[in-house]
Every structure is written in C-alpha cells, then in structure tokens.
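> take this sequence and fold it.
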Amino acid sequence: MKDTLRQFANLLSVLLALTVNILASTLPLNGQNTGEISDRFQVYFVPAGYVFAIWGIIYVGWIAFTIFQFRADQKESPRLRRLGYLFALSGIANAAWLFCWHYNLFGLSVLVMLALLGLLIASYLRLNINRDSVSRAERWSVDIPFSVYLGWITVATVANVTDWLYLIEWNGFGIAPQTWAVIMLAIASILGIAMAITRRDVAFLAVLVWSFIGIAVKQSSEPLIVASAWVAAALMAGLIVLSLLRKPFVLQASTL
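You can find the predicted model right below:
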C-alpha cells in the first residue's frame, strides 16, 4: 500500500508540475512570460534563451521516471523506496517556484529554489547515482533524468540568487558584476570537477557545458565573461571525455 501511495504521489506531482509549467507559458501566469521577467534583471550569469529548451529534456525525464517506477518489478525496489517522497516534493517545489516568480515574489522564489535544490541533492544521494549497479533501463529512466535535473537546478539556483541580489541593489562588496559572474562560473566549475571526481557524472557535466556556452553567447559584449565561460565549458567537456574513458564505478546489472 505504501509503495502504491508513493507511486501515485510521484504521478500527481509530475502532472501538477507539468500543468503549471505549461500554464506559465501559455496563459501566461499573472500575464507575464517567464523569460520576460528574467530579462528585467541586468545580471551576467544568465544564458541565452535557447538554453532553456533543456526543460523539454527534463520533462521527458520526469515522464520516463514516472512510467519506470510503475513497472511491476520496481514497485518494491529498495532504491526507489529510499527515494521515498522526495521526487514528489520536488514537483510541488517546482510548481511553487513558478508562482513565486510570476507573481514577483522574488525573495520567496530564492527560498523555494533552495528547497528544490536541497530535495534534488537528497534524491541524488539516496539513489546513489553512478555508484549503484543498475540496468540500462534504470539508468536512462532514473539516473540520467535526476542528473540532468540536478545540473540545471544547480545553475538556475545561482542565477536566481543573482537576480535577487540585483533586485535588492547589493553592491557586491565593491566587486564589478562582471567579475562576480566569472566567480560564479568558477564555483560552478568546481562543483563540476567534484562531480567528475566523485561520480563521473557525464549527464551533470553535459548540462554545465550547455549552460556555460549559453552564457558565453548571451554575454557576447563582455569579453571577460565570454572567455571565462568558454574556458569553463571546455574544462567540463574535457572532464566528460575523461569520465567516459575511465573505468566506471559499477558494471551494469543487466541490459533491460
């Protein structure tokens, strides 16, 4: 019974998150488009608009995970039981963030985004991604979707906090905004290095490459940021190659 409740909680959470995300673009919520709101903030840690197409991949990942967890052989999966209701809560947090953002509750949006990031980190650790032996189906339906989602929300959290600091007119300790963007790129790169060393997580690193290139494209008028973003992207791409070449932590349990 508990497993069934968890499965349907995940399903309802995905339906909620997908519905709110669709409405945010089609209505749009509060008469404001998500991207238009973002454009109000003159910050530099923001990628080009096309980068946000990654949400399509994230949505597919949500759906793949939801379908996979309903498989008969996954109902009592110890791994998914460890995950518990964290994924369902992350869907609620995702929808809540959109309401905060579209109704100009930017300070609250940061808190919700941090909560979402925390839920995804906890999910990643409980699933023990890239360390547990899993089938190919589970890798594509669970591990990779969670890695991509965590990678993007990591970048989005930095951007969200940067937007809020701009809104409250924080002076950045006298450091130029362009320099802060470079610092944020460095911090994100350090996270990528840590993921490469400890997890060899190619999917997470690929999201960083995608985001860093997008920042270079968006900030084309800022040479320092462009150069830093390309260097960071190249570093992450190199780590992807090394991660693929090195022997994986675990062997696949099966091909199905």
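> how about the helices in the stretch 51-200 of the chain?
Along the stretch 51-200 of the chain, counting by DSSP state H, counting those that start in this stretch, helices occupy 54-69, 78-83, 86-102, 106-127, 136-138, 144-167, 177-198.
> closest to P28 out of those helices?
Checking the helices of the stretch 51-200 of the chain against P28 by CB to CB gives helix 86-102 as the closest, at 7.0 Å. Yep, even glycine has a C-beta here, placed from its N, CA and C like the rest.
> contacts for the lowest-mean-pLDDT helix or strand in the chain?
Least confident helix or strand, the chain: helix 34-38 with a mean of 86, by mean pLDDT, DSSP states H and E. When contacts are defined by CB atoms under 8 Å, 6 or more residues apart in numbering, helix 34-38 is touched by residues 24-25, 28, 46, 49, 52, 98, 101-102, 104, 163.
> out of those, which are buried?
24, 28, 46, 98, 101-102, 163 (16 or more other CB atoms under 10 Å).
> ok, which pair from the residues you listed is furthest apart?
Farthest apart among these by CB to CB are P28 and V46. That separation is 19.0 Å.
> dump the helices of the stretch 51-200 of the chain into a markdown table; add mean pLDDT and distance to W210 as well.
Formatted as a markdown table, the helices of the stretch 51-200 of the chain follow (pLDDT from 0 to 100; distance: least, CB to CB, whole Å):
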| stretch | mean pLDDT | distance to W210 |
| --- | --- | --- |
| helix 54-69 | 98 | 6 |
| helix 78-83 | 96 | 26 |
| helix 86-102 | 98 | 19 |
| helix 106-127 | 98 | 17 |
| helix 136-138 | 95 | 23 |
| helix 144-167 | 96 | 9 |
| helix 177-198 | 96 | 12 |
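> got TSV for those, with distance to L242 too?
Shown next, in TSV, are the helices of the stretch 51-200 of the chain (distance: least, CB to CB, whole Å):
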stretch	distance to L242
helix 54-69	23
helix 78-83	27
helix 86-102	30
helix 106-127	21
helix 136-138	22
helix 144-167	17
helix 177-198	7
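> how about these, which one is nearest A233?
Closest to A233 of these, according to CB to CB: helix 177-198, at 9.3 Å.
> picking up where we left off before, right, and out of the contacts of helix 34-38, which lies closest to L16?
Proximity of the contacts of helix 34-38 to L16 (CB to CB) peaks at L98, which lies at 10.7 Å.
> contact partners for that closest one?
20-21, 24, 29, 34.
> give me the lowest-pLDDT entry from those.
In terms of pLDDT, T34 ranks lowest among the contacts of L98, with 86.
> relative to Y166, how far out is it?
17 Å (CB to CB, to the nearest Å).
> one more: M195?
In terms of CB to CB, M195 sits 28 Å off from Y166.
> tell me how far whichever strand or helix holds V226 is from the chain's mean position?
Using DSSP states H and E, the element containing V226 is helix 223-245. Taking the mean of its C-alpha atoms, helix 223-245 sits 18 Å from the chain's own mean (CA atoms, centre = their mean, to the nearest Å).
> and it with helix 177-198, angle?
For helix 223-245 against helix 177-198, the angle by axes from the mean of the first three to the mean of the last three CA atoms, to 10 degrees is 10 degrees.
> what residues of helix 223-245 count as buried?
Applying a neighbour-count criterion of 16+ other CB under 10 Å, one finds 225-226, 228-229, 231-233, 235-237, 239-240, 243 buried in helix 223-245.
> now do stretch 82-98
83, 86-98.
> same check, this time on stretch 179-191
For stretch 179-191, using 16+ other CB under 10 Å, the buried residues are 180-182, 184-185, 188-189, 191.
> could I get those residues as TSV with distance to S133?
Shown next, in TSV, are the buried residues of stretch 179-191 (distance: CB to CB, whole Å):
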residue	distance to S133
W180	42
A181	40
V182	40
M184	36
L185	35
A188	30
S189	30
L191	25
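> quick check: the farthest pair among the residues you listed?
Spanning the widest gap among those are W180 and L191, at 16.6 Å by CB to CB.
> still on that earlier bit, mind checking how far the least confident helix or strand of the chain is from the chain centre?
18 Å.
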